[in-house]
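Predicted model, plus sequence, below.
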Amino acid sequence: MNTDPFFLLVTLLFSIGLVGIISRRNLFVVYMSIELMLSSINLLLATLSKVLGDASGSVMALLLIAVIAAEAALFLAIIIHLYKTKNSLDSDSFTDLSEVK
Amino acid sequence: MPDTNTLELIIFGILALFMLGGSLTMISAKQTYISAFGFLIAMLSLAGVFALLDSRFLAIAQIMVSVGAIVILSILTILTINAKEDNLPSEPYKFLWIIGAALLVSPFSLLLYRALKTLPSYFSTLQSINSKVTGELLFSQWVLPFEIVSILLLTAMLGAIIIAKQKIKGENS
């Protein structure tokens, strides 16, 4: 089995995550799209580790999983805080720091 | 009896279908918990693809951390918040937005795929990347990033506690 299907899957997953970030306004969907993009990078690292015959790629992917976990903890705390203040999950309603109201 | 190559391709196809279906459900569902279940399916299939790549430790870590911790935490948060229909954003032109964004992103994806295709297209034959190999590398060559990640996790934990504990103005006064 060659590596092209893996690269195609990485590309599609990254693009789906990007589309989710651009097109949706639900905070949870935006968060999960970011996670999906990070996971596709993880898959690319694992594939390259196998292609180059070097286990360092797998170690990097392992460290990236820990970074994803840290990001998830912070992001969910921020979502809970935002929901408490505005009682909404719409990303357009959080304009407190914006110049344009 | 199909040979190993065909079998691998079939398994990869099934996993990729589950993964793409889960992620498409994730970005298109209106209810948030349905998105979370799509995300769960995508992460489980990703663990399967890791196992197909013979990165055993990575597959186990993916199941334990991504599925067991992150997705379950997300579902728990979604069910705790329990947002009603009024609190969700109204997105009347959602599918139009998704199609537009897909058209916008597609040249970039094509470029990415062409760039990735310049990499070698065959797997080198080496022993499987098991926990012994990973552990030896992690504690010799990669020990500094490992320590930095542990500090990052500690900081994220403190930050999450502080953000979630903040009192909202006027709530308890």
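Alright, I've got the coordinates.

Got the phi and psi for A:Asn26?
Main-chain torsions, A:Asn26, degrees, to the nearest 10: phi -70, psi 130.

just A:Asp90 next, same as before
Dihedral angles (degrees, to the nearest 10) for A:Asp90: phi -80, psi 120.

Please report how far it lies from B:Gln166.
Applying Cβ to Cβ, to the nearest Å, the value for A:Asp90 to B:Gln166 is 21 Å. In this view, the C-beta of every residue, glycine as well, is placed from N, C-alpha and C.

what about those two, which has more around it?
Using other Cβ atoms under 10 Å in any protein chain shown as the criterion, A:Asp90 and B:Gln166 rank with A:Asp90 on top: 16 against 11.

What pLDDT does the model give the more buried one?
A:Asp90 is assigned a pLDDT of 86 by the prediction.

all helices of chain A, in order?
For chain A, the helices defined by DSSP state H cover A:4-23, A:27-52, A:56-86.

closest one to B:Thr118 among the ones you listed?
Closest of the helices of chain A to B:Thr118 is helix A:4-23, at 10.0 Å (criterion: Cβ to Cβ).

does chain B sit close to that closest one?
Yes: using Cβ under 8 Å from any Cβ of the partner chain, helix A:4-23 reaches chain B at A:4-20, A:22-23.

Report the buried members of these.
Using 16 or more other Cβ atoms under 10 Å in any protein chain shown as the burial test, those include A:5-7, A:9-20, A:22-23 as buried.

still on that earlier bit, redo the helices of chain A as JSON lines? Include mean pLDDT.
JSON lines is the format used below for the helices of chain A (pLDDT from 0 to 100):
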{"stretch": "helix A:4-23", "mean pLDDT": "93"}
{"stretch": "helix A:27-52", "mean pLDDT": "92"}
{"stretch": "helix A:56-86", "mean pLDDT": "90"}
